[in-house]
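[1] Compute the structure for the input listed below.
(one chain, ligands or ions: 1)
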Amino acid sequence: MKTTGNVVKSICRMCHGVCGVNVHMEEGRVVKVTGDPDHPMSRGYICSKGRASPEFLYHPERLQYPLKRAGARGENKWTRISWDEALDTIAERLLSFKNEHGPESVALALGTGRPYMFMSLRFANAFGTPNVVTYAHACYLPRVMASFVTCGMPLPICDFYGFGGVEPACVLVWGCNIEETGSADGMCGHQITRALRRGARSIVVDPRETPRAAKADLWAQVRPGTDAALALAMLNVIVEEKLYDKEFVEKYSAGFDRLVERVKEYPPSRAAEITWVPEETIKEMARLYATTKPACMLWGNGLDQSPNCFQTARALLILRAVTGNIDVPGGDVFWVPPENVFQTSPFVAPENTLLDRITPDVSAKKLGYGESIPLNPGVRHPVFWDAVLKQEPYPVKALLIMGTNPLLTSSDPLKGEEALKALDFSVAIDLFMNPTAQLTDIVLPAASWLEQDDVADLHFIWCVAARQKVVEIGECWDDKKILIELAKRLGLEEFFPWKDLREWCDYVLEDTGLDFEAFKEVGLLQGEMRYRKHETEGFPTASGKFEIACSALESMGFDPIPDYVEPPESPYSTPDLAGEYPLIAITGAKIEPFFHSELRQIASLREKNPDPLVELHPDTARGLSIEEGDWVWIESPRGKIRQRAKLTAGIDPRVVSLQHAWWFPEREPPEYGWKESSASLLLDPRPADAVWGSEPWKGFLCKVYKHS
Ligand code: SF4
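    All right, here's what the predicted structure looks like:
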């Protein structure tokens, strides 16, 4: 593509990666990355992370060649080795565990969604292990799978791109702040800003006064973890006042009568007590959302980490459907992806031969099997840590860690540290050394997005776009290349037949008639959008309808209609505990300069947010003799950390919001100070969501006091 002079067009991947960018080159070096005004996904937008890409690319602390541990775990003694030695060693060890203890004795750990996610799952399937330790319980997948069981399709996305000639007239933003922080779910946050500038009405549901909440027509400052009660009360108003779309309900949905019965239990007066959102606000939200057509709903992982996330997601899908906003121009749509491109879905393997390998026998061996519905492909970290430490229910010997730093981003991290030390063998693939990689045996250097060719699929969206390699740094390899080369050494070539990544990209595009070179010239392949597909095709569910009453959940013994469940730790469910820990904590809200535990070593980004921050209300701070900028202790029943106080009237006096995944790359290895400020130490590890096993990271109890 699309290389003009010294500018190469590509797709940024400093976060979830949907922004088209211009990569400016001088004498073979990347000197600048700017937004591409011609790119239809992002229309010129770029955030500070994207702009910092060259600083990230050339950072002197990048891992640049494979390393082998030369001392005890955590001693930070490493020897440089060749790729051949690294891969041969890894293959030999993994095969020996497989032969002696079975393939399930080897696990993969993955972080947030990355371009190699699909190939990692393929690798696990081909190797024969059901154990992929992921954030599937905590991010994105709860909403995707709630959508699958309700509508038979992956999650609907706001129609900000307006292919039907209509743009949203109302935007309901629920537990999501990508407008400020970047992109997610195939959506560039800046598109919301554009829509709202054109005059769309907006409603925000968030415990924090985000920049969008500050400008919204209505802001529901919901008590963390109570979103389902708010949604059911909105449905109560919509049903009572007959604001629903009768035609959609009668022709295309199943179970409306059961919903009517359920929402009678949630009049706004009751929901106001549960959620702390005033009764009148609930009524106004329901009316504005149901009567301003078309409306779309932008949702985020504020919902995924609530204690009742699966049914909450279903309640929000039902809100969209009964108001007639599903798959209509300007509403929430199911995109039509480009034809004949093998979109690298993270959930399924591409060939039946591989699908056949995911037999019930293999799945049933998954650690923690049974604590959530079988659609959840991941193992939660606390389950994995326990299995390693107890070697139960079977021997667990090795872990391949790809792009994740679970000591900082998962619950029970001290147990995690013990488990990492107890493993027989472990490998980390990453761009920088970090606290988790420090406890492994081999560390492999990964390539950044500027060092990769890829057919960038953008989360089930309407297009795929070309990302192109512009430089090579040291001996860094694309994660996909690492998997292909390792698979060959494991005797899995049948499932990884590609000579190199170019062949892989050609394979993805095979049926389009383009090879990767030709695709780069085109830059983007787009599907042809069709709306209201249910009117001709129905919904691909058991009933052929949008299942308000979910037959799949009912068949598994769950409530087919969403209901509200009080968080397991709260002033109401555990009043005694709340006496000692009187504040409700949320953590995990994204911040613009960082991407989870990444980018703390990038100076231009770190200066925007040098220290970990906890947001608390000025009245709360005053009562605790805390002033702006003070270091404070935040303590939960599980641990204690310190962060700096950021006072804001935009948070309820009974709630605090902690930044997550903090470590200090400038400090001494192996810990880099992570035990000082990482919110992971406070998280409640229980699988609170009955259906999906999600942990209640948005809404656990804590206390805050001045640092002495
Ligand atoms: S929002 Fe994400 S994809 Fe877009 S420029 Fe920023 S980091 Fe890159």
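
[2] Enumerate every residue touching the residue in the stretch 351-500 of the chain that the ligand sits nearest to.
    Of all residues in the stretch 351-500 of the chain, the one sitting closest to the ligand is W449 (8.6 Å; C-beta to the nearest ligand atom). Quick note: C-beta positions are derived from backbone N, CA and C, even for glycine. Contact analysis of W449 by C-beta atoms under 8 Å, 6 or more residues apart in numbering lists S10, I11, C12, R13, M14, G17, S53, R467.

[3] now do E85
    So E85 contacts P66, K68 (C-beta under 8 Å, 6+ apart).

[4] how far is the helix or strand hosting it from where the chain is centred?
    Taking DSSP states H and E as the criterion, E85 maps to helix 83-101. Relative to the chain's own centre, helix 83-101 is displaced by 31 Å; criterion: C-alpha atoms, centre = their mean, to the nearest Å.

[5] And the average pLDDT for that helix is what?
    Helix 83-101 comes out with an average pLDDT of 98.

[6] export it as CSV, just CAs?
    Extracted as CSV, the C-alpha positions of helix 83-101 are listed here (Å, rounded to 0.1, in the frame of the first residue of the first chain):
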residue,chain,number,x,y,z
TRP,A,83,16.5,-18.7,18.6
ASP,A,84,17.4,-22.2,17.7
GLU,A,85,18.6,-23.1,21.2
ALA,A,86,15.6,-21.3,22.7
LEU,A,87,13.0,-23.1,20.5
ASP,A,88,14.7,-26.5,20.7
THR,A,89,14.8,-26.3,24.5
ILE,A,90,11.2,-25.2,24.8
ALA,A,91,10.0,-27.9,22.4
GLU,A,92,12.0,-30.6,24.2
ARG,A,93,10.6,-29.6,27.6
LEU,A,94,7.0,-29.3,26.4
LEU,A,95,7.1,-32.7,24.7
SER,A,96,8.5,-34.3,27.7
PHE,A,97,5.7,-33.0,29.9
LYS,A,98,3.2,-34.0,27.3
ASN,A,99,4.5,-37.5,27.1
GLU,A,100,4.9,-38.0,30.9
HIS,A,101,1.8,-36.1,32.2
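
[7] Tell me the first helix or strand C-terminal of it.
    Where DSSP H and E defines the elements, the next helix or strand beyond helix 83-101 is strand 106-110.

[8] which other helices and strands contact that following strand?
    Applying 3 or more C-beta pairs under 8 Å, 6 or more residues apart in numbering; DSSP states H and E, one finds that strand 106-110 contacts helix 83-101, helix 117-127, strand 132-133, strand 398-402.

[9] follow-up on the earlier one: now the helix holding E85 and strand 398-402, what's the angle there?
    140 degrees (axes from the mean of the first three to the mean of the last three C-alpha atoms, to 10 degrees).

[10] Buried by neighbour count: which residues of helix 83-101 qualify?
    W83, A86, L87, T89, I90, A91, R93, L94, L95, F97, K98, H101 (16 or more other C-beta atoms under 10 Å).

[11] Filtering the contacts of W449 by proximity to the ligand, which remain?
    Among the contacts of W449, the residues that sit close to the ligand (C-beta under 6 Å from any ligand atom) are C12, M14, G17.

[12] Columns pLDDT, neighbour count and secondary structure on top of these, output as JSON lines?
    Output for the ones next to the ligand among the contacts of W449, formatted as JSON lines (pLDDT from 0 to 100; neighbours: other C-beta atoms under 10 Å; DSSP: H, G, I helix; E, B strand; the rest coil):
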{"residue": "C12", "pLDDT": "95", "neighbour count": "31", "secondary structure": "coil"}
{"residue": "M14", "pLDDT": "94", "neighbour count": "27", "secondary structure": "coil"}
{"residue": "G17", "pLDDT": "79", "neighbour count": "26", "secondary structure": "coil"}
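
[13] Wasn't I203 part of a strand?
    Yes. I203 sits within a strand when classified using DSSP: H, G, I helix; E, B strand; the rest coil.

[14] Count the neighbours of it for me.
    When neighbours are counted by other C-beta atoms under 10 Å, I203 registers 26.

[15] Tell me the one of the buried residues of helix 83-101 nearest the ligand?
    Closest approach to the ligand among the buried residues of helix 83-101 (C-beta to the nearest ligand atom): W83, at 28.9 Å.

[16] Could you pull up the residues touching that closest one?
    Neighbours of W83 in contact, by C-beta under 8 Å, 6+ apart: P66, E475, W477, E485.

[17] So which of the residues you listed is surrounded by the most neighbours?
    P66 (26 neighbours).

[18] mind checking the SS state of E339?
    Strictly by three-state DSSP, E339 counts as coil.

[19] And S10, by the same measure?
    Three-state call for S10 (three-state DSSP): strand.

[20] Now do it, the pLDDT please.
    96.

[21] what do you get for D630?
    pLDDT, D630: 97.

[22] Return the residues in contact with it.
    R644, A645, K706, H707.

[23] show me what contacts the second one?
    Meaning A645. Per C-beta under 8 Å, 6+ apart, neighbours of A645: L613, V614, L616, A621, I626, E627, E628, G629, D630, W631, V632.

[24] Show me what counts as buried in the helix or strand hosting it.
    Here A645, judged by DSSP H and E, is contained in strand 639-647. The neighbour-count check on strand 639-647 (16+ other C-beta under 10 Å) flags G639, I641, R642, Q643, R644, A645, K646, L647 as buried.

[25] Now render the residues you listed as TSV, adding distance to I461 and pLDDT.
    Formatted as TSV, the buried residues of strand 639-647 follow (distance: C-beta to C-beta, whole Å; pLDDT from 0 to 100):
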residue	distance to I461	pLDDT
G639	39	97
I641	37	98
R642	41	98
Q643	36	98
R644	38	98
A645	40	98
K646	34	98
L647	39	98
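
[26] Please list which of those are also close to the ligand.
    Of the buried residues of strand 639-647, not one also sits near the ligand (C-beta under 6 Å from any ligand atom).

[27] got CSV for the residues you listed, with distance to M234 too?
    Converted to CSV, those look like this (distance: C-beta to C-beta, whole Å):
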residue, distance to M234
G639, 36
I641, 36
R642, 39
Q643, 34
R644, 37
A645, 34
K646, 31
L647, 32
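
[28] ok, those residues vs A589, which is closest?
    K646 (11.9 Å; C-beta to C-beta).

[29] Report the separation between the closest one and Q659.
    K646 sits 9 Å away from Q659, going by C-beta to C-beta, to the nearest Å.

[30] what is in contact with the two at once?
    Common neighbours of K646 and Q659, counting by C-beta under 8 Å, 6+ apart, are L613, V614.

[31] ok, back up a step: list of residues touching the next helix or strand after the strand holding A645?
    Proceeding C-terminally, strand 639-647 gives way to strand 655-658 as the next helix or strand, assigned by DSSP H and E. With C-beta under 8 Å, 6+ apart as the test, strand 655-658 has contacts from 207-208, 223-224, 583-587, 589, 612, 614-617, 620, 634, 641, 643, 651, 679, 682, 702, 704.

[32] now do 6 Å
    With contact meaning C-beta atoms under 6 Å, 6 or more residues apart in numbering, strand 655-658 is reached by P207, R208, L583, I584, A585, I586, T587, A589, V614, E615, L616, A679.

[33] Who is the third one paired with across the strands?
    The reference is to L583. C702 (DSSP bridges).

[34] now do the second one
    The bridge-partner assignment for R208, based on DSSP bridges, gives I651.

[35] who touches it in this structure?
    By C-beta under 6 Å, 6+ apart, the neighbours of R208 are G650, I651, S657.

[36] what's the answer for the last one, then?
    Applying C-beta under 6 Å, 6+ apart, one finds that A679 lies in contact with T587, L658, H660.

[37] ok, now the fifth one?
    For A585, the residues meeting the contact criterion (C-beta under 6 Å, 6+ apart) are V656, L658, F700, C702.

[38] so who does the nearest residue to it once chain neighbours are set aside touch?
    What sits nearest to A585 in space, not counting adjacent residues and going by C-beta to C-beta, 6 or more residues apart in numbering, is C702, at 4.2 Å. Listed by C-beta under 6 Å, 6+ apart, the contact partners of C702 are Y581, L583, A585, I634, S636.
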